[in-house]
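Participant: Can you look at this prediction? I've put the sequence above it.
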Amino acid sequence: MPGEPHRGGAASFTLWLMLLLVGQAASLELVRAGRGVGYQHHVAIRDLFAGGNAAWSAIVLVQLGAVLIGLSRSLPVLTPSLSVRPAGWRVLLVAGLLLGMGAAPSRDVGFFVAELGVAWLIQLIAIGNVILLMMAVPVAGAEAAAARLDRVLTSGDDPAPSFWRVDRFVIGAAIWVVCVTALLGFFVYQWHPHVPDEVAYLLHAKYLAAGHLTLPLPPVADAFSVDLMTYEAARWYSPVPPGWPFVLAAGTWLGVPWLVNPLLSGLCVVACHILVRDIHDERTARIVTVLLCVSPWFLFLGMSLMTHQLTLAAALVSAVAAARLRRGGSPALGIVSGAGIGMLALIRPLEGFITAVLLGLWVLFSGRLRRRIVAVAVMAAASLAVAALTLPYNAYYTGDPTYFPIMAYTDALYGPGSNALGFGANRGLPFGALDPFPGHGPADAAVNAALNGFQVNVELLGWMTGSLVLAAILLVSRSRRRADLWMLAVIAAVVGAHALYWFSGGPDFGARYWYLILVPCLVLTARGVEVVAGAFRDVRDRARPLLAVLALCLGGLIVFIPWRAADKYFHYRNMRPGIRRLIADHDIGRDLILVRGVRMPDYMSAVPYGALLPEDDAPAIAWDRDAALESQVLEAYADREVWVVDGPTLTGAGYRLVEGPVPARTLLARTSAGPGGVDR
């Protein structure tokens, strides 16, 4: 009967919690992700009980058996406790979408279908486990938990709150995120770039911090070949949009580039809480804040040097100001909102455009007509004023204010229009398996969306159940609000706009091109918690779903995040900071370091620690690609001492000093006498 004490108790709850955590750990051991560039996949069905997989598969089967037995006993108690009226057609639609997000698409259709089956079995086991964990809490425990959670989640309520007010809960959450992302950056990422984009951003920030817009072309430019750098007759520079490098340059100038994204992460927490509180209420805002603080997607991007934390911060600040405008705030807030949109355009222009359209419509559909028009006009003027800064920037590099340096870079290397939006046979760069089909068309867009949807379901919260399960429950319920539809509109706009771009974003840091859907997904998840809680007939049971969510978050925090950190991001792409220690240990000053190996990762991983300007008190780090190039470099730096270093692909580990210091002329004479360097 409703309100009847549920079976179990503290011991039962603890056992189901431990089974959930152990089962998640075992299921992750059946996933192959690794440090290379690729999407994670479950092991093939034929290999589930082979070798070291057998023990982990056995644990998952034990979990399955326990869950089936537990559900057979608990469902008769649970079913009368609930009042559920889902819309049937939506159940089928959303279930189909979740099914498609269970695994990353593969060219081998048979393997993909089998993997979907394994993934869904694991997720259904976890859902059953969570239901049993939720029901194991006795009524007295549920009542006590409800009272405590209400105090925590509503203690910031105020009949007339100041819009900008934040309390100790939010400040503590922001500090937590800053500390966690900084620690991940230090221990996992080793304060070292791992993605080619990050190398370009760091180099860009270094020469901007030194007061330069370009660099003098180094002698033997081919020996200083770096991805995402433009080489001209007398100068070289990074062609990426200027917004992020200029912000990163501030951290570089202060000597702490690796603290920029952690600090931006803390800002995101505060802005997210204010925004959700204004759209919904304090309780929902705090649930979303907790989810954000444990989101692997958010935390791992916070440890990186990627652009996306700044885009999220700019979008959230813009949205907060727009929300205040909707509530009748001063039109001057339109300047804040518009400036944030303009900043987005300077970082990632497409995301700036998406945000401008969404926030403009959001403000336009609220309040009195005249006030709405004025507010949108102020937002538009401010965003255009900031975004227009790219015009002289473009002109300085390309000679055309409307021609972006990054487009000039890709047009020159890969053909005109290769990096442009839209469909066409000429779209796309030679990224191999990361680009599904030649050119870009609807089929590519569908595959890219499937890849990104899969990654969101994994990386958003790192739950064994799938991260989107509660958002899906909200979508099939009859409890959606107007604010939920705005969240869905944001998701649809971001996904739809990026369907016009040939690249999904790849496996680096999840569905990073869709990063602006992070907060909407968390809001829908928090609303899903509320929907499930409201489905219980007895109010004493309504803390159970939140307790279950906290258990899932614990699994994400202590199981998924450590697994992902160790399995993928530590030495990701074989990028290692060993050259930094080698320089320090041998006190290498203005010498020449020749790095043997391939450009990525051996040379790209070393170049951030070299001199960019002639006056820099740092070694010149050159790529020792082959004997001919080595001879040219030695001639150009004939007055230097030389250190020869083997990169990680040659050593199978870190950097290894081969010899040095050797006078460049000595090494040049030896090279002239016979083969020097390695043909790589």
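Facilitator: Done, it's in.
Participant: Can you tell me, leaving aside adjacent residues, what's nearest to W176?
Facilitator: When the adjacent residues along the chain are set aside, W176 lies closest to C293, with 5.7 Å between them (C-beta to C-beta, 6 or more residues apart in numbering). Just so you know, the C-beta spots here come from the backbone N, C-alpha and C atoms, and that holds for glycine as well.
Participant: same check, this time on D47
Facilitator: With sequence-adjacent residues excluded and distances taken as C-beta to C-beta, 6+ apart, D47 is closest to N53, at 5.9 Å.
Participant: Let me know the pLDDT of the one you found.
Facilitator: pLDDT recorded at N53 is 93.
Participant: swap in the one 3 residues further on?
Facilitator: The score at W56 is 95. That number is its pLDDT.
Participant: Please name the residues that touch it.
Facilitator: Counting by C-beta atoms under 8 Å, 6 or more residues apart in numbering, W56 makes contact with A26, S27, E29, L30.
Participant: show me where pLDDT drops low in the chain?
Facilitator: Low-confidence segments of the chain, defined by pLDDT under 70: 1-8, 77-90, 156-164, 367, 672-680.
Participant: how many other residues sit next to F300?
Facilitator: Burial of F300 is recorded as 25 neighbouring residues (other C-beta atoms under 10 Å).
Participant: I meant to write G65 there.
Facilitator: Residues near G65, counting by other C-beta under 10 Å: 11.
Participant: about what we covered before: quick one: the residue nearest to W176 from L421, how far?
Facilitator: 34 Å (C-beta to C-beta, to the nearest Å).
Participant: next one: Y655
Facilitator: Y655 sits at a distance of 40 Å from L421 (criterion: C-beta to C-beta).
Participant: which of the two has more neighbours?
Facilitator: Neighbour count, other C-beta under 10 Å: between Y655 and L421, Y655 has more, with 26 against 16.
Participant: so that one touches I579, yeah?
Facilitator: Yes: with contact taken as C-beta atoms under 8 Å, Y655 and I579 are classed as touching, separated by 5.1 Å.
Participant: List the contacts of the residue nearest to D47.
Facilitator: With contacts defined as C-beta under 8 Å, 6+ apart, N53 is in contact with E29, L30, V43, D47.
Participant: what about the last one, how many residues close to it?
Facilitator: Translated: D47. Residue crowding around D47 was assessed by other C-beta under 10 Å; the count is 14.
Participant: cool, the second one as well?
Facilitator: One way to gauge burial is a neighbour count; for L30, by other C-beta under 10 Å, it gives 18.
Participant: I'd guessed it sits against I45; true?
Facilitator: No: distance between L30 and I45: 10.6 Å, which falls outside the contact criterion (C-beta under 8 Å).
Participant: For those two, list the residues in contact with both.
Facilitator: Overlap between the neighbourhoods of L30 and I45 consists of V118, taking contacts as C-beta under 8 Å, 6+ apart.
Participant: host element of R581?
Facilitator: Assignment of secondary structure by DSSP states H and E places R581 within helix 578-585.
Participant: May I see the buried residues of that helix?
Facilitator: Of the residues in helix 578-585, those buried under the neighbour-count criterion (16 or more other C-beta atoms under 10 Å) are G578, I579, R580, L582, I583.
Participant: cool, stretch 195-213 as well?
Facilitator: Going through stretch 195-213 with 16+ other C-beta under 10 Å, the ones that come out buried are 195-209.
Participant: same deal with stretch 475-489?
Facilitator: L475, V476, S477, R480, D484, W486, M487, L488.
Participant: which two in the residues you listed are spaced the farthest apart?
Facilitator: V476 and W486 (18.8 Å; C-beta to C-beta).
Participant: still on that earlier bit, format the buried residues of helix 578-585 as CSV; extra columns: distance to C179.
Facilitator: Conversion of these to CSV gives the following (distance: C-beta to C-beta, whole Å):
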residue, distance to C179
G578, 27
I579, 28
R580, 23
L582, 30
I583, 29
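Participant: circling back to that earlier point, so which of the contacts of W56 is the most crowded?
Facilitator: S27 (24 neighbours).
Participant: one step back: filter the buried residues of stretch 475-489 down to the ones in helices?
Facilitator: Secondary structure defined by DSSP state H assigns L475, V476, D484, W486, M487, L488 of the buried residues of stretch 475-489 to helices.
Participant: JSON lines please, covering those and showing distance to P520.
Facilitator: Putting these into JSON lines (distance: C-beta to C-beta, whole Å) gives the following:
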{"residue": "L475", "distance to P520": "12"}
{"residue": "V476", "distance to P520": "17"}
{"residue": "D484", "distance to P520": "9"}
{"residue": "W486", "distance to P520": "8"}
{"residue": "M487", "distance to P520": "4"}
{"residue": "L488", "distance to P520": "7"}
